[in-house]
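A.B. asks: Got a predicted structure plus its sequence, pasted below:
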Amino acid sequence: MEAIDSKDKKATILLMGLRRSGKSSICKVVFHNMQPLDTLYLESTSKPTTETFTSLIDLAVMELPGQLSLFEPSLYDSEKIFASIGALIYVIDSQDEYLSALQNLAVIINYAYKINPKLHIEVLIHKIDGLSEDFRLDTQRDIMQRVGDDLLDYGLEGVQVSFYLTSIFDHSVYEAFSRIVQKLVVELPQLENLLDLVMQYSGFDKVFLFDVNSKIYVATDSSPVDIQTYEVCAEFIDVTIDLDGLYEQSEEASRPTKCVSRLQSGSVLYLHRMIRGLALVAISSFGKDDPRAENPNVKNAISIIDHNVNVFKKSLETMWEGSRIR
Ligand SMILES: Nc1nc2c(ncn2[C@@H]2O[C@H](COP(=O)(O)OP(=O)(O)OP(=O)(O)O)[C@@H](O)[C@H]2O)c(=O)[nH]1
(Lines give C-alpha, C1' and ligand atoms only; values in the text may rest on other atoms or scores of the structure.)
Protein backbone atom coordinates (compact mmCIF):
# COMPACT_ATOMS: atom_id res chain seq x y z
CA MET A 1 0.00 0.00 0.00
CA GLU A 2 1.41 3.37 -0.96
CA ALA A 3 2.40 5.74 1.77
CA ILE A 4 1.27 9.31 1.38
CA ASP A 5 3.85 12.01 1.22
CA SER A 6 2.58 15.57 1.32
CA LYS A 7 5.50 16.66 -0.83
CA ASP A 8 4.02 14.52 -3.60
CA LYS A 9 0.87 16.62 -3.45
CA LYS A 10 -1.13 13.45 -3.20
CA ALA A 11 -4.24 13.00 -1.09
CA THR A 12 -5.99 9.73 -0.43
CA ILE A 13 -9.68 9.17 0.07
CA LEU A 14 -10.63 5.85 1.63
CA LEU A 15 -13.93 4.33 0.51
CA MET A 16 -15.56 1.89 2.91
CA GLY A 17 -18.96 0.32 3.48
CA LEU A 18 -20.63 -3.06 3.83
CA ARG A 19 -20.78 -5.56 0.96
CA ARG A 20 -22.90 -4.51 -2.00
CA SER A 21 -23.35 -0.99 -0.64
CA GLY A 22 -22.18 0.40 -4.00
CA LYS A 23 -18.48 1.31 -3.56
CA SER A 24 -17.14 -0.26 -6.77
CA SER A 25 -20.08 1.10 -8.74
CA ILE A 26 -19.35 4.62 -7.53
CA CYS A 27 -15.67 4.30 -8.55
CA LYS A 28 -16.50 2.86 -11.95
CA VAL A 29 -19.13 5.45 -12.75
CA VAL A 30 -17.22 8.50 -11.51
CA PHE A 31 -13.67 7.57 -12.54
CA HIS A 32 -14.18 5.24 -15.51
CA ASN A 33 -17.30 6.66 -17.12
CA MET A 34 -19.11 3.33 -16.75
CA GLN A 35 -22.83 3.43 -17.52
CA PRO A 36 -24.76 3.08 -14.21
CA LEU A 37 -26.80 0.10 -15.44
CA ASP A 38 -23.61 -1.82 -16.27
CA THR A 39 -22.70 -1.86 -12.56
CA LEU A 40 -25.47 -4.40 -11.97
CA TYR A 41 -23.05 -7.12 -13.05
CA LEU A 42 -19.99 -6.02 -11.08
CA GLU A 43 -18.26 -8.80 -9.18
CA SER A 44 -17.86 -8.37 -5.47
CA THR A 45 -14.44 -6.84 -4.71
CA SER A 46 -12.20 -9.13 -2.69
CA LYS A 47 -8.97 -7.14 -2.34
CA PRO A 48 -8.28 -3.49 -1.55
CA THR A 49 -8.07 -1.53 -4.80
CA THR A 50 -6.79 1.96 -5.52
CA GLU A 51 -7.77 4.40 -8.27
CA THR A 52 -5.51 7.34 -8.84
CA PHE A 53 -6.21 10.48 -10.75
CA THR A 54 -4.30 13.61 -11.42
CA SER A 55 -6.02 16.84 -10.77
CA LEU A 56 -5.26 20.03 -8.95
CA ILE A 57 -4.05 17.66 -6.31
CA ASP A 58 -3.19 14.06 -7.13
CA LEU A 59 -5.90 11.91 -5.68
CA ALA A 60 -6.02 8.26 -4.82
CA VAL A 61 -9.35 6.65 -4.02
CA MET A 62 -8.79 3.41 -2.16
CA GLU A 63 -11.63 0.93 -1.85
CA LEU A 64 -11.68 -1.57 0.99
CA PRO A 65 -14.00 -4.48 0.19
CA GLY A 66 -17.03 -4.79 2.45
CA GLN A 67 -16.49 -8.50 2.93
CA LEU A 68 -13.20 -7.94 4.77
CA SER A 69 -13.08 -7.44 8.44
CA LEU A 70 -11.99 -3.88 9.08
CA PHE A 71 -8.84 -4.77 10.86
CA GLU A 72 -7.59 -7.60 8.68
CA PRO A 73 -3.90 -7.45 9.56
CA SER A 74 -2.81 -9.91 6.90
CA LEU A 75 -4.12 -7.76 4.06
CA TYR A 76 -3.34 -4.25 5.06
CA ASP A 77 -1.94 -2.12 7.79
CA SER A 78 -5.08 -0.26 8.84
CA GLU A 79 -3.26 2.01 11.27
CA LYS A 80 -0.92 3.23 8.55
CA ILE A 81 -3.78 3.74 6.11
CA PHE A 82 -5.92 5.71 8.53
CA ALA A 83 -2.94 7.83 9.53
CA SER A 84 -2.26 8.79 5.92
CA ILE A 85 -5.69 9.44 4.39
CA GLY A 86 -7.33 12.84 4.01
CA ALA A 87 -10.95 11.71 3.98
CA LEU A 88 -12.96 8.62 4.78
CA ILE A 89 -16.11 8.02 2.73
CA TYR A 90 -18.49 5.48 4.20
CA VAL A 91 -21.20 4.20 1.83
CA ILE A 92 -24.56 3.10 3.27
CA ASP A 93 -27.13 1.29 1.12
CA SER A 94 -30.31 3.22 1.93
CA GLN A 95 -32.48 0.59 0.21
CA ASP A 96 -31.33 -2.09 2.62
CA GLU A 97 -31.68 -2.51 6.35
CA TYR A 98 -28.90 -0.21 7.52
CA LEU A 99 -28.54 -0.74 11.28
CA SER A 100 -25.52 -3.04 10.96
CA ALA A 101 -23.89 -0.52 8.60
CA LEU A 102 -24.33 2.16 11.24
CA GLN A 103 -22.75 -0.03 13.92
CA ASN A 104 -19.82 -0.72 11.58
CA LEU A 105 -19.49 2.99 10.84
CA ALA A 106 -19.37 3.89 14.53
CA VAL A 107 -16.59 1.35 15.15
CA ILE A 108 -14.62 2.74 12.21
CA ILE A 109 -15.03 6.37 13.27
CA ASN A 110 -13.97 5.51 16.80
CA TYR A 111 -10.84 3.81 15.48
CA ALA A 112 -10.02 6.33 12.74
CA TYR A 113 -10.53 9.42 14.85
CA LYS A 114 -8.05 8.27 17.47
CA ILE A 115 -5.39 7.73 14.81
CA ASN A 116 -6.16 10.75 12.69
CA PRO A 117 -8.31 13.44 14.32
CA LYS A 118 -8.00 15.72 11.27
CA LEU A 119 -9.70 13.17 9.04
CA HIS A 120 -12.77 14.34 7.11
CA ILE A 121 -15.56 11.82 7.73
CA GLU A 122 -18.11 11.70 4.92
CA VAL A 123 -21.18 9.46 4.78
CA LEU A 124 -22.94 8.67 1.51
CA ILE A 125 -26.56 7.66 2.05
CA HIS A 126 -26.50 5.81 -1.24
CA LYS A 127 -28.99 4.32 -3.76
CA ILE A 128 -31.58 6.99 -2.97
CA ASP A 129 -33.03 6.53 -6.47
CA GLY A 130 -35.17 3.77 -4.94
CA LEU A 131 -36.70 6.03 -2.27
CA SER A 132 -39.50 8.60 -2.57
CA GLU A 133 -38.64 12.27 -1.92
CA ASP A 134 -40.22 12.22 1.54
CA PHE A 135 -38.64 8.96 2.49
CA ARG A 136 -35.18 10.24 1.48
CA LEU A 137 -35.34 13.02 4.02
CA ASP A 138 -36.77 10.75 6.72
CA THR A 139 -33.95 8.27 6.08
CA GLN A 140 -31.32 11.01 6.23
CA ARG A 141 -32.77 12.32 9.49
CA ASP A 142 -32.89 8.85 11.00
CA ILE A 143 -29.31 8.02 9.99
CA MET A 144 -27.94 11.35 11.24
CA GLN A 145 -29.73 10.88 14.55
CA ARG A 146 -28.44 7.36 15.02
CA VAL A 147 -24.87 8.24 14.08
CA GLY A 148 -25.02 11.15 16.52
CA ASP A 149 -26.25 8.82 19.29
CA ASP A 150 -23.54 6.25 18.51
CA LEU A 151 -20.81 8.88 18.62
CA LEU A 152 -22.17 10.09 21.94
CA ASP A 153 -21.89 6.54 23.28
CA TYR A 154 -18.24 6.48 22.24
CA GLY A 155 -17.62 9.90 23.79
CA LEU A 156 -16.98 11.34 20.33
CA GLU A 157 -19.71 13.97 20.24
CA GLY A 158 -17.37 16.66 18.86
CA VAL A 159 -16.52 14.69 15.71
CA GLN A 160 -17.79 16.32 12.52
CA VAL A 161 -19.53 13.98 10.11
CA SER A 162 -21.01 15.15 6.78
CA PHE A 163 -23.90 13.38 5.05
CA TYR A 164 -24.87 13.29 1.36
CA LEU A 165 -27.82 11.68 -0.42
CA THR A 166 -26.39 9.95 -3.49
CA SER A 167 -27.19 7.72 -6.44
CA ILE A 168 -25.17 6.67 -9.48
CA PHE A 169 -28.25 7.25 -11.63
CA ASP A 170 -28.07 11.03 -11.36
CA HIS A 171 -25.47 13.70 -10.68
CA SER A 172 -25.72 13.53 -6.89
CA VAL A 173 -22.68 11.28 -6.55
CA TYR A 174 -20.52 13.72 -8.57
CA GLU A 175 -21.76 16.59 -6.46
CA ALA A 176 -20.86 14.70 -3.26
CA PHE A 177 -17.39 13.78 -4.53
CA SER A 178 -16.81 17.36 -5.64
CA ARG A 179 -17.59 18.70 -2.20
CA ILE A 180 -15.40 16.08 -0.55
CA VAL A 181 -12.42 16.60 -2.87
CA GLN A 182 -12.66 20.35 -2.28
CA LYS A 183 -12.10 19.78 1.43
CA LEU A 184 -8.64 18.45 0.51
CA VAL A 185 -7.64 21.43 -1.62
CA VAL A 186 -5.82 23.87 0.65
CA GLU A 187 -6.05 26.69 -1.88
CA LEU A 188 -9.84 26.51 -2.13
CA PRO A 189 -10.54 29.99 -0.68
CA GLN A 190 -8.07 31.63 -3.08
CA LEU A 191 -9.50 29.66 -6.00
CA GLU A 192 -13.01 30.70 -5.06
CA ASN A 193 -11.97 34.35 -4.91
CA LEU A 194 -10.32 34.13 -8.31
CA LEU A 195 -13.37 32.44 -9.83
CA ASP A 196 -15.60 35.14 -8.32
CA LEU A 197 -13.44 37.72 -10.10
CA VAL A 198 -13.56 35.84 -13.40
CA MET A 199 -17.33 35.66 -13.07
CA GLN A 200 -17.73 39.30 -12.20
CA TYR A 201 -15.53 40.63 -15.02
CA SER A 202 -16.77 38.20 -17.65
CA GLY A 203 -20.52 38.39 -17.09
CA PHE A 204 -20.89 34.71 -16.27
CA ASP A 205 -23.65 33.36 -14.05
CA LYS A 206 -21.68 30.36 -12.85
CA VAL A 207 -18.08 29.16 -13.21
CA PHE A 208 -16.70 25.70 -12.43
CA LEU A 209 -13.17 24.37 -12.41
CA PHE A 210 -13.70 20.79 -13.55
CA ASP A 211 -11.52 17.72 -13.53
CA VAL A 212 -12.35 16.79 -17.10
CA ASN A 213 -11.99 13.05 -16.77
CA SER A 214 -14.20 12.50 -13.72
CA LYS A 215 -16.51 15.57 -14.01
CA ILE A 216 -15.76 16.37 -10.41
CA TYR A 217 -15.47 20.11 -9.90
CA VAL A 218 -12.52 20.98 -7.71
CA ALA A 219 -13.69 24.56 -7.22
CA THR A 220 -16.49 26.92 -8.18
CA ASP A 221 -17.39 30.56 -7.50
CA SER A 222 -19.06 31.39 -4.21
CA SER A 223 -22.65 31.41 -5.50
CA PRO A 224 -24.73 28.31 -4.70
CA VAL A 225 -24.52 25.30 -7.05
CA ASP A 226 -27.69 24.49 -8.90
CA ILE A 227 -27.62 20.85 -10.01
CA GLN A 228 -29.11 21.64 -13.46
CA THR A 229 -26.38 24.17 -14.17
CA TYR A 230 -23.82 21.58 -13.10
CA GLU A 231 -25.38 19.03 -15.49
CA VAL A 232 -25.33 21.39 -18.45
CA CYS A 233 -21.67 22.27 -17.82
CA ALA A 234 -20.62 18.64 -17.28
CA GLU A 235 -22.34 17.56 -20.49
CA PHE A 236 -20.64 20.39 -22.36
CA ILE A 237 -17.31 18.80 -21.46
CA ASP A 238 -18.38 15.54 -23.12
CA VAL A 239 -19.45 17.36 -26.23
CA THR A 240 -16.27 19.34 -26.62
CA ILE A 241 -13.41 17.23 -25.41
CA ASP A 242 -12.05 14.04 -26.83
CA LEU A 243 -11.35 12.31 -23.56
CA ASP A 244 -9.15 9.58 -24.91
CA GLY A 245 -6.41 11.84 -26.10
CA LEU A 246 -6.64 14.47 -23.45
CA TYR A 247 -3.48 13.59 -21.63
CA GLU A 248 -1.35 12.73 -24.64
CA GLN A 249 1.47 15.20 -24.41
CA SER A 250 2.48 14.85 -28.06
CA GLU A 251 -0.84 16.12 -29.30
CA GLU A 252 -1.28 18.65 -26.55
CA ALA A 253 -0.21 21.59 -28.68
CA SER A 254 -2.55 20.80 -31.55
CA ARG A 255 -5.65 20.42 -29.43
CA PRO A 256 -8.08 23.30 -29.17
CA THR A 257 -7.89 24.88 -25.77
CA LYS A 258 -11.23 26.58 -25.83
CA CYS A 259 -14.82 26.16 -26.99
CA VAL A 260 -17.79 28.53 -26.98
CA SER A 261 -21.32 27.49 -27.76
CA ARG A 262 -24.63 29.28 -27.80
CA LEU A 263 -27.65 27.20 -26.82
CA GLN A 264 -31.12 27.59 -28.33
CA SER A 265 -32.22 29.20 -25.11
CA GLY A 266 -29.70 31.98 -25.73
CA SER A 267 -27.34 30.87 -22.96
CA VAL A 268 -23.66 30.86 -23.78
CA LEU A 269 -21.40 28.01 -22.63
CA TYR A 270 -17.68 28.58 -22.42
CA LEU A 271 -14.93 26.00 -21.87
CA HIS A 272 -11.23 26.71 -21.58
CA ARG A 273 -8.66 24.04 -20.83
CA MET A 274 -6.37 24.65 -17.90
CA ILE A 275 -3.43 22.73 -16.50
CA ARG A 276 -3.40 19.15 -15.18
CA GLY A 277 -6.55 17.83 -16.85
CA LEU A 278 -8.66 20.68 -15.54
CA ALA A 279 -11.02 22.89 -17.52
CA LEU A 280 -12.82 26.08 -16.64
CA VAL A 281 -16.45 25.78 -17.71
CA ALA A 282 -18.81 28.71 -17.39
CA ILE A 283 -22.35 29.62 -18.35
CA SER A 284 -24.08 32.91 -19.06
CA SER A 285 -27.78 32.24 -18.85
CA PHE A 286 -29.17 34.92 -21.13
CA GLY A 287 -32.91 34.31 -21.42
CA LYS A 288 -34.47 34.02 -24.91
CA ASP A 289 -35.62 37.61 -24.83
CA ASP A 290 -32.48 38.97 -23.29
CA PRO A 291 -31.02 41.49 -25.76
CA ARG A 292 -27.51 40.42 -24.73
CA ALA A 293 -28.04 37.06 -26.43
CA GLU A 294 -28.45 38.67 -29.84
CA ASN A 295 -25.91 41.36 -29.26
CA PRO A 296 -23.14 41.28 -31.88
CA ASN A 297 -20.82 42.46 -29.15
CA VAL A 298 -20.97 39.00 -27.61
CA LYS A 299 -17.96 38.22 -29.81
CA ASN A 300 -16.03 41.16 -28.39
CA ALA A 301 -17.06 40.02 -24.96
CA ILE A 302 -15.50 36.63 -25.67
CA SER A 303 -12.07 38.15 -26.22
CA ILE A 304 -12.35 39.95 -22.90
CA ILE A 305 -13.39 36.67 -21.31
CA ASP A 306 -10.41 34.90 -22.92
CA HIS A 307 -8.12 37.48 -21.44
CA ASN A 308 -9.62 37.13 -17.95
CA VAL A 309 -9.50 33.36 -18.15
CA ASN A 310 -5.88 33.39 -19.27
CA VAL A 311 -5.03 35.52 -16.26
CA PHE A 312 -6.81 32.93 -14.11
CA LYS A 313 -4.86 30.13 -15.80
CA LYS A 314 -1.56 31.83 -14.97
CA SER A 315 -2.63 32.20 -11.33
CA LEU A 316 -3.57 28.53 -11.30
CA GLU A 317 -0.13 27.56 -12.59
CA THR A 318 1.55 29.63 -9.89
CA MET A 319 -0.77 28.17 -7.28
CA TRP A 320 -0.03 24.63 -8.40
CA GLU A 321 3.72 25.22 -8.15
CA GLY A 322 3.40 26.17 -4.50
CA SER A 323 0.53 23.88 -3.54
CA ARG A 324 0.46 21.39 -0.75
CA ILE A 325 -2.23 19.00 0.42
CA ARG A 326 -4.26 19.48 3.51
N1 LIG B 1 -30.38 1.41 -7.31
C2 LIG B 1 -29.07 1.60 -7.19
N3 LIG B 1 -28.23 0.54 -7.22
C4 LIG B 1 -26.90 0.79 -7.08
C5 LIG B 1 -26.38 2.10 -6.91
N6 LIG B 1 -25.03 2.00 -6.77
C7 LIG B 1 -24.73 0.68 -6.88
N8 LIG B 1 -25.85 -0.05 -7.06
C9 LIG B 1 -25.95 -1.52 -7.22
O10 LIG B 1 -25.52 -2.14 -6.02
C11 LIG B 1 -24.94 -3.41 -6.30
C12 LIG B 1 -23.63 -3.59 -5.54
O13 LIG B 1 -22.70 -2.64 -5.99
P14 LIG B 1 -21.12 -2.80 -5.84
O15 LIG B 1 -20.55 -1.56 -6.41
O16 LIG B 1 -20.66 -4.10 -6.38
O17 LIG B 1 -20.97 -2.80 -4.25
P18 LIG B 1 -19.63 -2.86 -3.39
O19 LIG B 1 -19.86 -1.98 -2.22
O20 LIG B 1 -18.43 -2.54 -4.24
O21 LIG B 1 -19.62 -4.37 -2.93
P22 LIG B 1 -18.38 -5.31 -2.47
O23 LIG B 1 -17.43 -5.36 -3.61
O24 LIG B 1 -19.03 -6.63 -2.20
O25 LIG B 1 -17.77 -4.70 -1.23
C26 LIG B 1 -24.76 -3.46 -7.84
O27 LIG B 1 -25.75 -4.31 -8.34
C28 LIG B 1 -25.02 -2.04 -8.30
O29 LIG B 1 -25.61 -1.97 -9.58
C30 LIG B 1 -27.31 3.20 -6.89
O31 LIG B 1 -26.98 4.38 -6.75
N32 LIG B 1 -28.63 2.88 -7.01
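C.D. replies: Received, thanks.

A.B. asks: Write out the residues of the stretch 151-300 of the chain neighbouring the ligand.
C.D. replies: S167, I168, F169 (C-beta under 6 Å from any ligand atom). The way it works is simple: take the backbone N, C-alpha and C, and place the C-beta from them, glycine included.

A.B. asks: Restricted to buried residues, select those residues in ChimeraX.
C.D. replies: Buried residues among those (16 or more other C-beta atoms under 10 Å), as a ChimeraX selection:
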select :167,168
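
A.B. asks: does D211 have beta-bridge partners, and which?
C.D. replies: Per DSSP bridges, the residues bridged to D211 are I216, L278.

A.B. asks: So it sits against L278, correct?
C.D. replies: Yes. D211 lies in contact with L278 (C-beta atoms under 8 Å); the separation is 6.0 Å.

A.B. asks: just checking, which of the residues of the stretch 151-300 of the chain next to the ligand belong to strands?
C.D. replies: Per DSSP state E, strands hold no members of those.

A.B. asks: Just give me the closest of the residues of the stretch 151-300 of the chain next to the ligand to K313.
C.D. replies: I168 (32.3 Å; C-beta to C-beta).

A.B. asks: which residues in the stretch 201-326 of the chain form helices?
C.D. replies: Using DSSP state H, counting those that start in this stretch, the helices of the stretch 201-326 of the chain run over 227-240, 249-252, 291-294, 298-322.

A.B. asks: Of those, which stretch is the most buried?
C.D. replies: Greatest average neighbour count among the helices of the stretch 201-326 of the chain goes to helix 227-240 (a mean of 16), per mean count of other C-beta atoms under 10 Å.

A.B. asks: Other residues contacting that helix?
C.D. replies: 171-172, 174-175, 205-206, 208, 210, 212, 215, 217, 259, 261, 267, 269, 271, 279, 281-283, 285 (C-beta atoms under 8 Å, 6 or more residues apart in numbering).

A.B. asks: Turn the helices of the stretch 201-326 of the chain into JSON lines, including mean pLDDT and distance to I121.
C.D. replies: Shown next, in JSON lines, are the helices of the stretch 201-326 of the chain (pLDDT from 0 to 100; distance: least, C-beta to C-beta, whole Å):
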{"stretch": "helix 227-240", "mean pLDDT": "87", "distance to I121": "24"}
{"stretch": "helix 249-252", "mean pLDDT": "51", "distance to I121": "38"}
{"stretch": "helix 291-294", "mean pLDDT": "54", "distance to I121": "45"}
{"stretch": "helix 298-322", "mean pLDDT": "79", "distance to I121": "27"}
